[in-house]
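In: After the sequence you'll find the predicted model.
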Amino acid sequence: LALGVLEMQRIAAATEAAHARERLQRTREQKIYGAKSRAQLRKEAEQAVADKARPLLPTPTRERELLEACNKNLYEKAVLLIEMARLPRTSSEREALLKQAAEAIREAEAAEQRVRAQIDAPPSSKRTAVPPA
């Protein structure tokens with residue numbers, strides 16, 4: 001998850017740099033195209049403020065990829081859901097993620113109990129030291 005957030009922050013930084021280059025280029029071209037209008041200046045200022053924002057969450061696509069990578073490992077899925085709930089989210093989103101994690105843990109424990117029951121079960125046929133003739 002941290003890598004997903006870092007990736008999104010790198011993308012946002014690259015976008016900010018690209019927009020800054022565009023603004024600088026337009027400022028340099030004022031001699032050719034004329035001075036910037038108030039609307040252009042306001043738009044550039046708004047864009048600069050918006051570019052400063054950095055994402056705190058990975059994209060939903062990245063989260064789905066991580067959940068799919070858990071395959072059938074329910075404990076891994078539960079840990080991932082708990083970690084996802086630690087990120088800045090609304091309380092309802094956190095609650096939903098933690099409910100999913102609790103359900104995954106319950107399913108994993110039930111699967112463990114089924115496996116334990118199969119291991120502890122007596123053999124299905126009576127075994128003898130000498131094979132029947």
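Out: Here it is on my side, so go on.

In: most residues in a single helix of the chain, which one?
Out: Longest helix in the chain, counting residues (DSSP state H): helix 91-120.

In: name the helices or strands packed onto that helix?
Out: Contacts defined by 3 or more C-beta pairs under 8 Å, 6 or more residues apart in numbering; DSSP states H and E place helix 91-120 against helix 74-86. In short, each C-beta sits where N, CA and C put it, glycine included.

In: and the helix it packs on, which residues are buried?
Out: Leu74, Glu76, Lys77, Ala78, Leu80, Leu81, Ile82, Met84, Ala85 (16 or more other C-beta atoms under 10 Å).

In: what residues are up against the third one?
Out: The one in question is Lys77. By C-beta atoms under 8 Å, 6 or more residues apart in numbering, the residues touching Lys77 are Leu67, Cys70, Ala101, Ala104.

In: how about a cut-off of 7 Å?
Out: Leu67, Cys70, Ala104 (C-beta atoms under 7 Å, 6 or more residues apart in numbering).
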